[in-house]
Each structure stands twice: as C-alpha cells, then as structure tokens.
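Enquirer: Task: produce atomic coordinates for the following.
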Amino acid sequence: MTAPARPVRYGSWSKDRQGWFLGLGGGTWVVIGLGGLPLLLAAGAHRWLLALGWAPVWAVLIVLVAVPVRGRSAFQWALDCLRRWTGVVMGWTDWQSKAVAGTAENLDEADLPGVLSGIRTHDGPPFGPLLARPAVVADHRERSWAVVARITHPGIGLSEAAARARMGAGLAELLEGAATAELVSVVALQIRTLPEDGAEREAWQHAHLRRNAPQLALAANAELAAVMTSAGVRHEAFVTVVVPERRIARSAKEAGGGVDGRARVLYGVMGEIEARLVGPVGCTSVAWLGSPGLAAKPCS
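Expert: Presented below is the predicted three-dimensional model:
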C-alpha cells in the first residue's frame, strides 16, 4: 500500500464559540462603541484636538478587548488577575481540607476547594452485561452531569496512513454525533504519562523465558530489560462525557427522575460513545469508572 504524497489533515472542525459579528461578541462591540463615543461627540462639536487626542486611547482599548492572547483578550486577563489578587489579599485562596485539620464530620460529603466544592459523586444503577455501577459526577455549580471511562488504544505510531485516516475520521464522527444529538456539551480526552514499573514485562518473561537458553543470551536479555524498565513509560487515557442539566432534565424525568433517571439517560449516551470508540476510533477496551476507579483517576 502506497502512502499519500501529502499529509492527512482532519477537517470539519469549528471554534467552540463563534462571535456575533466579525468574530467578536456583543459585549465586546458595546465596549468598543462606548469607547469611541467621546471621539464622535468631540468630532460633532468640531473639537478636533480632543478627537485626535482620544483616537489613540480608543485604538488601545480596541486592542485590549478585541485582540486575543492565548484565546482570551488582554482586558479579560487583567480582570482575572485583579480578581486573583483580591482573593489573595482577602484570604480567599487559602484552603485546608477538613481531614487535615481534624474537623471532618460528614465523611460522605466531598471536601474540595473553591469551585470543586459543588461536585458530588453518585453510584448509578447497574449497567451493561456485568451489571457494573458507573459513577455519575454531579457538578451543582455548573449544573452538569458527567461520566468517565478508561480507554485503551494501540496508538498510531505503527499504523499506516490509511489506518490513521480511518481513526481520525472515526473521532470526527464521534464528535459530530455527540454534537448532532444536542445532549452532550463536552467530550474531553485526557492522557497521563507514568513511569513503567516493569511488573507486567517481568511477569511475561517469567512465564516465557527459557531457562536452558545460553547464559550469554540470558545476561544480554536481563541487561536490556533493566535499561528498558528504567527508561520505559506507560500511558493512561480517559474520556469524560459532560451533559448539562438543562438538556437532560426532561429525558431524566421520563426515565424515573432523580439521580437514577439521569444515569439511565447517560447510559444511552455512554453506549453510543463506547460503540464509536471501540469501532471507528480503534480502542481495544472501554471501561466506565465506578467510584473507586474515579477516586484513583488523576485530576486535570
């Protein structure tokens, strides 16, 4: 099979947020309009020196509110820094867990800082042929529900161009399907790189190594194993699916209401996501995490 002459590019993507006009939102245009109002009033009153003096100020204001710096305007960065400094001065950024302080009373209540304090974890009803109980994460602050899966993928390093293109198209179909259903708001992929402890490789060698092999071969194999273990890494991949409350409320009410009703609606979404992950995307396994697995998952 011959590889294509040019790189394969995955298209059909769009920005998360589209501007109201010329890529800018309504609030930005209001700020720009108010900033240019003194210039127009001065020009209308034939006060040309004042108009010329205000023009550079207006230009700087446009740059601050309209030119993005890593996805956000400089004005937004300044407001966030001001809020951060205010929180530091007021002591709002200082946090200590109740468990460390010895003041924890309700062990079933999440003890998390800041915006994470509104997160609660629930065990959903039995799901799948093994009757597992995936954890349903409720974010009361953002009014959303989420489920997390651990996925295993062989990677694309040794795949041919056609296989990579097929996996990329499968991922695009997964995102397009989630957006078309108008139920899922976020599909997040998280990858963690960890040092390899070599336990799995050692177990495989213990089961397959020939004790009657030449000593030189055994010594070389042991040396290679030690080098590979010290330099080896492993990857863990997770997929998080988030559904807003406003989109799931009606369907959850028809499914019984409460946490179980929302979990049943999420189970339908999980089935579709899992089918696309195992199929076109090329994952070898998809395991939806329960409460113990979710507690061991890295935060991101």
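
Enquirer: Checking residue 138 next. Helix, strand or coil?
Expert: Under DSSP: H, G, I helix; E, B strand; the rest coil, residue 138 falls in the strand class.

Enquirer: just the helices in the stretch 1-150 of the chain please.
Expert: Secondary structure of the stretch 1-150 of the chain by DSSP state H, counting those that start in this stretch: the helices cover 26-44, 48-66, 74-90, 98-101.

Enquirer: before we move on, what about the stretch 151-300 of the chain?
Expert: Going by DSSP H, counting those that start in this stretch, the stretch 151-300 of the chain shows helices at 161-180, 199-208, 215-231, 245-254, 258-278, 291-296.

Enquirer: Point out the most buried one among those helices.
Expert: A comparison of the helices of the stretch 151-300 of the chain by mean neighbour count, using mean count of other Cβ atoms under 10 Å, puts helix 258-278 on top with a mean of 18. Heads up, the C-betas are built off the backbone N, CA and C, glycines and all.

Enquirer: relative to helix 161-180, how tilted is it?
Expert: 160 degrees (axes from the mean of the first three to the mean of the last three Cα atoms, to 10 degrees).

Enquirer: what's helix 258-278 in contact with?
Expert: Residues outside helix 258-278 that contact it (Cβ atoms under 8 Å, 6 or more residues apart in numbering): 122, 124-125, 127, 134, 136, 138, 145, 147, 149, 151, 170, 173-174, 177-178, 181, 183-184, 187, 239, 241, 243, 248, 251-256, 283-286, 288.

Enquirer: Tell me the buried residues within those.
Expert: Buried members of the contacts of helix 258-278, counted by 16 or more other Cβ atoms under 10 Å: 122, 124, 127, 134, 136, 138, 145, 147, 149, 151, 170, 174, 178, 183-184, 187, 239, 241, 243, 248, 251-252, 255, 283, 286, 288.

Enquirer: circling back: okay if I get the helices of the stretch 151-300 of the chain as a markdown table plus distance to residue 43 and mean pLDDT?
Expert: Output for the helices of the stretch 151-300 of the chain, formatted as a markdown table (distance: least, Cβ to Cβ, whole Å; pLDDT from 0 to 100):
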| stretch | distance to residue 43 | mean pLDDT |
| --- | --- | --- |
| helix 161-180 | 46 | 87 |
| helix 199-208 | 75 | 77 |
| helix 215-231 | 68 | 78 |
| helix 245-254 | 46 | 87 |
| helix 258-278 | 56 | 89 |
| helix 291-296 | 61 | 78 |
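
Enquirer: would you turn those into a markdown table with distance to residue 25?
Expert: Converted to a markdown table, those look like this (distance: least, Cβ to Cβ, whole Å):
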| stretch | distance to residue 25 |
| --- | --- |
| helix 161-180 | 21 |
| helix 199-208 | 51 |
| helix 215-231 | 48 |
| helix 245-254 | 21 |
| helix 258-278 | 30 |
| helix 291-296 | 35 |
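
Enquirer: show me where pLDDT drops low in the stretch 1-150 of the chain?
Expert: 1-23, 71, 92-96, 107-110, 113-117 (pLDDT under 70).

Enquirer: domain assignment for the protein?
Expert: Domains of the chain are assigned by automatic domain parsing as 17-92, 115-196+232-300.

Enquirer: out of the ones you listed, nearest to residue 100?
Expert: domain 115-196+232-300 (15.7 Å; Cβ to Cβ).

Enquirer: and that closest one, how far out from the chain's middle?
Expert: Remark: domain 115-196+232-300 is offset 10 Å from the chain centroid, using Cα atoms, centre = their mean, to the nearest Å.

Enquirer: quick one on the thing from earlier: mean neighbour count and distance to residue 111 for the helices of the stretch 1-150 of the chain - can I get that in JSON lines?
Expert: Shown next, in JSON lines, are the helices of the stretch 1-150 of the chain (neighbours: other Cβ atoms under 10 Å; distance: least, Cβ to Cβ, whole Å):
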{"stretch": "helix 26-44", "mean neighbour count": "14", "distance to residue 111": "36"}
{"stretch": "helix 48-66", "mean neighbour count": "14", "distance to residue 111": "39"}
{"stretch": "helix 74-90", "mean neighbour count": "12", "distance to residue 111": "20"}
{"stretch": "helix 98-101", "mean neighbour count": "10", "distance to residue 111": "5"}
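
Enquirer: Thank you, goodbye.
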